[in-house]
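Asks: Need a 3D model of the following:
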Amino acid sequence: MVRSIENEHVYSVRTDIFCQSDAVTAFIGSHQWPNNPGSAVIIPNEHFENIYDLPLHLATKVYELAKAVALAMKVAYSCDGVSTRQHNEPAGNQDVWHYHLHVFPRYRNDGLYISQRELMAAEERAEYARKLRVYLADWKPAK
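Replies: As a prediction, this is how the structure comes out:
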């Protein structure tokens, strides 16, 4: 399950979370790309290391929430588009050993794939989380 651990080794804080169900959680990522602020991370609440271990019923829940987040980003951020990406194993650029899906607001010529991510202050992340929370307040997972 998602644990509320806050210490010097964990960058994410409780105020980063903007949507949560029994199965999945969405939060603003602690590290952001300069031209794509407010990118989100969606995780299953149970631990699975990567896509190879993730049960299909939870993959469905992750992508159900990803769609809702993408639609919320379009309105809350006025972005031109949305991208998702997910990494597995070191050769696939996985650097966090818990399955997670990135959801990025996209803007024309934003250079997402050529830029480097940077740590964003928790107070700034909280503002992005607040914006998305407004649009996802009534979101409920499908039965």
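Asks: Name the residues that touch the longest helix anywhere in the chain?
Replies: As assigned by DSSP state H, the longest helix anywhere in the chain is helix 56-76. Where contact means Cβ atoms under 8 Å, 6 or more residues apart in numbering, the residues beyond helix 56-76 that reach it are 19, 21, 23-24, 26, 38, 40, 42-44, 46, 48, 51, 54, 79, 82, 84, 99, 101, 103, 105, 131-132, 134-136, 139, 141-142. Yep, even glycine has a C-beta here, placed from its N, CA and C like the rest.
Asks: before we move on, what about stretch 119-133?
Replies: 11, 13, 15-19, 26-32, 37-38, 40, 69, 72-73, 76-77.
Asks: Just the buried ones from those, in ChimeraX syntax?
Replies: Burial among the contacts of stretch 119-133 is assessed by 16 or more other Cβ atoms under 10 Å; the matching ChimeraX selection reads:
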select :13,16,17,18,19,26,27,28,29,30,32,37,38,40,69,72,73,76,77
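Asks: Where do the strands of the protein begin and end?
Replies: For the chain, applying DSSP state E gives strands covering 17-20, 24-28, 31-32, 40-44, 81-85, 101-106, 118-119.
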